[in-house]
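Asks: I would like the atomic coordinates for the input below:
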Amino acid sequence: MSHSIRYIYNEQTRAFEVDRLSARATVYKTGAVLLGGITCFLIYFFVFAQARGNATPKERLLQHNNRMLAEQIGMLDSRIEAQDAVLLDLSLRDNLVYRPVFGMEEIPADERNAGMGDESRYDGFLGLDHAELMEASARRVDVLTRKAYVQSVSFDEVKIYSSRAGDMASCIPSIYPVNPKTVTMTSPFGARFHPVRQAIIFHEGVDLAGPAGQPVYATGDGVVESTQINFSGYGNVIIIDHGFGYKTRYAHLKEINVTAGQVVIRGDKIGTLGSSGLSTGPHLHYEVIYRGTQINPWNYLNPDISPEEYNKQARHG
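Replies: I've put the predicted structure just below:
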């Protein structure tokens, strides 16, 4: 240890004494070494902790906030799913119950489920934490908003039609287009052998044969959609749009007494029975069309009606 202790000569005491300053310096030096070691240890511990995935308090706070955000997004998605299920139920009832009652067309699924269309509205999520989750949720909210809007508009339309429910009874075709006591049904609705084309063809209406020139009546209130005068096919034709999904067609007429756009009421004379077009004799080809599809007119005809009752309904005949 002698090499680590310094002695100096004290002229006052005329003796060698231990150098106290050197000892103090040794203590300082030792402390500096210890401090450096502790610093190195802390640096090593910090780096090691980072390598092991342990975060600083600030980073732990950010991680906690991110977890909370992800949970909130998940809760939002659950609420969106619940509301989407409610809207799905409403849309099914709307398409399968409410709209068909009034002859309204179904709203296509792609129209109900359409988004907002502007993709740039989602650019604000770029670079954010959970950007994909937030964008997906935003898109679902937009679709939900679109569905709610479409459903709201649909209910408004149904409300308008329901307010006209009293008119529906007079619009639905429900009487014979000619006096039933003066005609005979020669071809029913359905597959039949066509007398001119000599082939089995689906007959989309009924044929009512009778004397040429007798009146043909509108079977329900409506608006004349179109008239055609030609020498082939159905010959002279009238189509009436009755609303609520119903239309009627009157073909092979001798005369047409109405024009397109004209408002008619049940029992108005619209033409006369004839044999125009592809026909083998005087008769009326009569169709009932519901939502674009021909249906059996027999379901809308009352063959037991008396001439007096018929003339009362066909009040302009």
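Asks: in the stretch 1-150 of the chain, which spans are helices?
Replies: For the stretch 1-150 of the chain, the helices defined by DSSP state H, counting those that start in this stretch cover 20-51, 57-93, 99-101, 109-112, 131-163.
Asks: what average pLDDT does the first one get?
Replies: Averaged across helix 20-51, pLDDT comes to 59.
Asks: and what of the shortest one?
Replies: Helix 99-101 carries an average pLDDT of 80.
Asks: can you list the buried residues in that helix?
Replies: Buried residues in helix 99-101, counted by 16 or more other C-beta atoms under 10 Å: residue 99. Quick note: C-beta positions are derived from backbone N, CA and C, even for glycine.
Asks: list the contacts of that helix.
Replies: Under the criterion C-beta atoms under 8 Å, 6 or more residues apart in numbering, residues 105-107, 154, 158, 245, 291 lie in contact with helix 99-101.
Asks: so which of those residues comes closest to residue 234?
Replies: residue 291 (20.8 Å; C-beta to C-beta).
Asks: quick check: residue 140 vs residue 112, distance?
Replies: 14 Å (C-beta to C-beta, to the nearest Å).
Asks: which of the contacts of helix 99-101 fall in strands?
Replies: Among the contacts of helix 99-101, none falls in strands (DSSP state E).
Asks: of those, grab the buried ones for ChimeraX.
Replies: Filtering the contacts of helix 99-101 down to the buried ones (16+ other C-beta under 10 Å) takes a single ChimeraX command:
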select :107,154,158,245
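Asks: coming back round to it: could you dump the helices of the stretch 1-150 of the chain to CSV with distance to residue 208?
Replies: What follows is the helices of the stretch 1-150 of the chain, written out as CSV (distance: least, C-beta to C-beta, whole Å):
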stretch, distance to residue 208
helix 20-51, 93
helix 57-93, 39
helix 99-101, 29
helix 109-112, 41
helix 131-163, 31
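Asks: wait, what's in contact with residue 177?
Replies: Here residue 177 is in contact with 208, 216-219, 248, 250, 284, 286 (C-beta under 8 Å, 6+ apart).
Asks: Three-state assignment for it, please.
Replies: coil (DSSP: H, G, I helix; E, B strand; the rest coil).
Asks: cool, residue 167 as well?
Replies: helix.
Asks: residues near residue 179, how many?
Replies: 20 (other C-beta atoms under 10 Å).
Asks: report the contact partners of residue 61.
Replies: Residue 61 touches nothing, counting by C-beta under 8 Å, 6+ apart.
Asks: same question but for residue 113, I mixed them up
Replies: With C-beta under 8 Å, 6+ apart, residue 113 has these contacts: 143, 146-147.
Asks: what are the phi and psi values at it?
Replies: Dihedral pair for residue 113: phi -100, psi 10, per degrees, to the nearest 10.
Asks: pLDDT at it, what is it?
Replies: 79.
Asks: returning to that earlier point: just flag the most distant two among the contacts of residue 177.
Replies: Top of the distance list for the contacts of residue 177 (C-beta to C-beta): 208 and 218, 15.0 Å.
Asks: residue 297 and residue 290 touch, don't they?
Replies: No: applying C-beta atoms under 8 Å as the test, residue 297 and residue 290 come out as separate, 10.6 Å apart.
Asks: when those two are compared, which one has more neighbours?
Replies: Counted by other C-beta under 10 Å, residue 297 and residue 290 do not tie: residue 297 has more neighbours, with 24 against 17.
Asks: and the gap between that one and residue 101?
Replies: 21 Å.
Asks: what of residue 64?
Replies: From residue 64 to residue 101 the distance is 55 Å (C-beta to C-beta).
Asks: which SS state does residue 258 fall under?
Replies: Applying three-state DSSP: residue 258 is coil.
Asks: could you measure it against residue 295, distance?
Replies: Using C-beta to C-beta, we find residue 258 at a distance of 23 Å from residue 295.
Asks: for residue 271, which residues are in contact?
Replies: 215-216, 236, 238, 250, 253-258.
Asks: 7 Å instead, please
Replies: If you count contacts by C-beta atoms under 7 Å, 6 or more residues apart in numbering, residue 271 has them with 216, 238, 250, 253, 255-257.
Asks: list the buried ones in stretch 157-165?
Replies: 158, 161.
Asks: cool, and stretch 90-109?
Replies: 90-91, 94-95, 98-99, 102-104, 107.
Asks: swap in stretch 275-293?
Replies: So for stretch 275-293, counting by 16+ other C-beta under 10 Å, buried means 275-279, 282-290.
Asks: so which of these are in strands?
Replies: Checking these against DSSP E, those in strands are 283-290.
Asks: still on that earlier bit, tell me the one among the contacts of helix 99-101 nearest to residue 268.
Replies: So of these, ranked by how close each gets to residue 268 (C-beta to C-beta), first place is residue 245, at 20.9 Å.
Asks: quick check: closest non-adjacent residue to that closest one.
Replies: residue 103 (2.1 Å; C-beta to C-beta, 6 or more residues apart in numbering).
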